[in-house]
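Undergrad: Model the structure of this input:
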Amino acid sequence: MKKLTFPVLCLLLATVAPTAPLFAAPPASDEIWIYGESKLVRGSLAPGGPVQPAIPAPAGLAQLAALPSGEVLATSRTAGPPYRVALGELRPDGSLRQIGIADPPPISFGNDYPIELVADPSGRLFLVVLGQVNFPHGHGYRFLAELDPATAATRGTPPIADGLGLLVTAPDGLWTVNGNGRLVEVDPHTLATFPTGQQLQVANGFLLDVAADSAGRLWYVLEPPLCGGTCRKQLFFYDPATGERGAAPATLTAEIAGIQAIAIRRSCADSPTARCLQGGRFRAEVDYSAYDGAAGPAQAARGGRSADTAVFSFFQSDNWELMVKVLDGCAINSHFWVYAAASTDVEYLLTITDLETGAQQVYANPLGRVAETITHNQAFSCGTP
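TA: Presented below is the predicted three-dimensional model:
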């Protein structure tokens, strides 16, 4: 990659027109889709956000997943026998546009049963399948099928390590949550696992589904102990960055007692080069250019984040260069504040985007200058368009 000089970068930012999104843009705030009892409910995850009345769900719906583009995909059972897994796009009016049938076998509703659908930050789509073969002592096995979100074609079925359960999108890839609520990182390419030491509170209940929002919080459906499948399912959240836990607003679950699946359309999607802050309203990205000509997007540090803070590295993942904060000062001066500090004299451009209004702030450090602290307490208005 060519060296990104300071004037050229500024010119590019000023002249390049944005391209149209491939799919419909995600909402201004995170939106959760809840399925159960043959009904669908959509509601905002913003505090006090609106909740749409329940609408009928397509017949045979099973798992839900939201792509980074904002599409909500769903699996359903085909008319049979034999029963197969169909993949479709779930529209806001509750209709389902079929994409294709997941083939080849053994992905079916016969001896092998799909238990989870999830998309990673890059948009790759995975289906976890529980195989009900007659192992000794009645144990089954799990395998991971990658599906093409455009055709439903199956790209592979590697086995998953024993004891792993539901998959959920993490800021840097995938997590799995086992029956005891323990979070484990999963490499989607090698299926190598890395325990995180963190845990959901399940209290002997049964986890039915897990999804992550723009702030990195995990939302999960829990069936209480001794429920027998007839009691009200509960929706909770857990923030791995802060340890905060709580129950979902009652307005989200008032119309569906028997929740079966959830998906979250994110207003912002974390990626290896971007971090979402303040509940997904803001996206932070950095481009750098070094003395030796090395240039490109900075990497968002693994684990270097909280609800309002992100950390970036330029060269090695364990050599952090820049910390960025977006703080809510609305109660003080009706603005969000941007603070940043870097330990570098490398050229960089820090771009913060307000995804509700489209406004941007760009902060630049030229090559050879020791970076100065950024303290901008009128960076973004708290109002919306």
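Undergrad: What about residue 357, how many residues nearby?
TA: As a burial measure, residue 357 scores 14 neighbours (other C-beta atoms under 10 Å). (C-beta placed from N, C-alpha, C; glycine too.)
Undergrad: which residues sit against the helix or strand where residue 209 lies?
TA: Assessed by DSSP states H and E, residue 209 sits inside strand 206-212. The contact list for strand 206-212 (C-beta atoms under 8 Å, 6 or more residues apart in numbering) reads 32, 63-64, 66, 116, 165-170, 177, 179, 181, 200, 218-223, 225, 227, 233, 259-264.
Undergrad: Note down every partner strand of it and its orientation.
TA: Strand pairing for strand 206-212, determined by DSSP bridges: strand 218-223 (antiparallel).
Undergrad: now the strand it pairs with, how far from the centre of its chain.
TA: Relative to the centre of its chain, strand 218-223 is centred 15 Å away, using C-alpha atoms, centre = their mean, to the nearest Å.
Undergrad: which is the next helix or strand following the helix or strand harbouring residue 323?
TA: Counting by DSSP H and E, the element that carries residue 323 is strand 320-329. Later in the chain than strand 320-329, the nearest helix or strand by DSSP H and E is helix 330-333.
Undergrad: For that next one, which outside residues touch it?
TA: Taking C-beta under 8 Å, 6+ apart as the rule, helix 330-333 contacts 336, 377, 378, 382.
Undergrad: And the furthest pair within the residues you listed?
TA: Within these, 377 and 382 form the most distant pair, 12.2 Å apart (C-beta to C-beta).
Undergrad: Give the residues shared as contacts by the two.
TA: Counting by C-beta under 8 Å, 6+ apart, the shared contacts of residue 377 and residue 382 are residue 335.
Undergrad: quick one: low-confidence parts of the stretch 51-200 of the chain?
TA: Residues of the stretch 51-200 of the chain meeting the criterion pLDDT under 70: 80-81, 104-114, 130-143, 156-164, 171-172, 188.
Undergrad: hmm, back to that, list buried residues within the contacts of strand 206-212.
TA: With burial judged by 16 or more other C-beta atoms under 10 Å, the buried subset of the contacts of strand 206-212 is 32, 63-64, 66, 116, 165-170, 177, 181, 200, 218-223, 233, 259-264.
Undergrad: Would you state the helices of the stretch 1-150 of the chain in chain order?
TA: Assigned by DSSP state H, counting those that start in this stretch, the helices in the stretch 1-150 of the chain fall at 6-15.
Undergrad: residue ranges for the strands of it, please.
TA: Residue ranges of the strands in the stretch 1-150 of the chain, as given by DSSP state E, counting those that start in this stretch, are 31-36, 39-44, 55-56, 61-66, 72-77, 85-90, 96-101, 112-119, 125-131, 141-147.
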